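Visitor: Predicted model, plus sequence, below.
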Amino acid sequence: MTFQRDQVDTFIDIFTEKKQHIRSFPGCHHLELFRDINRPEIFFTYSYWEDEDALNAYRYSDLFQSTWADTKALFSDKPQAWSVEVLAVVE
């Protein structure tokens, strides 16, 4: 997600407020926020969901809808999202 530079702190505030609610949503096993070290207006969330049904339940929830409405107003570019599968774990 790429944010307007003057809206970065607002996004961080939104994430800080909502992260425990997202993490507590049924089926969410993990949630992290990453920031690009060279372009501090770019963020990535990484979340691990029990299955696609759990993720879709979140996507259609009031929690997501309200969080997304607040967040998308801050973007400076179209957001991107991917669903991926683990192919290998290196320990």
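Guide: On my side now, so go ahead.
Visitor: Restrict the longest helix anywhere in the chain to CA atoms and write it as CSV.
Guide: Secondary structure assigned by DSSP state H gives helix 8-23 as the longest helix of the chain. Provided in CSV are the C-alpha atoms of helix 8-23 (Å, rounded to 0.1, in the frame of the first residue of the first chain):
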residue,chain,number,x,y,z
VAL,A,8,1.5,7.9,6.9
ASP,A,9,1.1,8.7,10.6
THR,A,10,-2.7,8.5,10.1
PHE,A,11,-2.4,5.0,8.6
ILE,A,12,-0.1,3.9,11.5
ASP,A,13,-2.7,5.2,14.0
ILE,A,14,-5.4,3.2,12.2
PHE,A,15,-3.4,0.1,12.1
THR,A,16,-2.4,0.4,15.8
GLU,A,17,-6.0,0.9,16.7
LYS,A,18,-7.3,-2.1,14.6
LYS,A,19,-4.5,-4.6,14.7
GLN,A,20,-5.7,-6.5,17.8
HIS,A,21,-9.3,-6.7,16.4
ILE,A,22,-7.9,-8.1,13.1
ARG,A,23,-5.6,-10.5,14.9
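Visitor: Give the other helices and strands that that helix contacts.
Guide: strand 28-35, strand 43-49, helix 62-72 (3 or more Cβ pairs under 8 Å, 6 or more residues apart in numbering; DSSP states H and E). For glycine as for every other residue, the C-beta is placed from the backbone atoms N, C-alpha and C.
Visitor: For Leu33, see how far away the residue nearest to Leu55 when sequence neighbours are not counted is.
Guide: Using Cβ to Cβ, 6 or more residues apart in numbering and skipping residues adjacent in sequence, the residue nearest Leu55 is Trp49, 4.2 Å away. Trp49 is 16 Å from Leu33, where distance means Cβ to Cβ, to the nearest Å.
Visitor: which of these two has more neighbours?
Guide: Trp49 (19 against 15; other Cβ atoms under 10 Å).
Visitor: Do I have it right that the more buried one meets Leu31?
Guide: No: when contacts are counted by Cβ atoms under 8 Å, Trp49 is not listed as touching Leu31 (9.7 Å).
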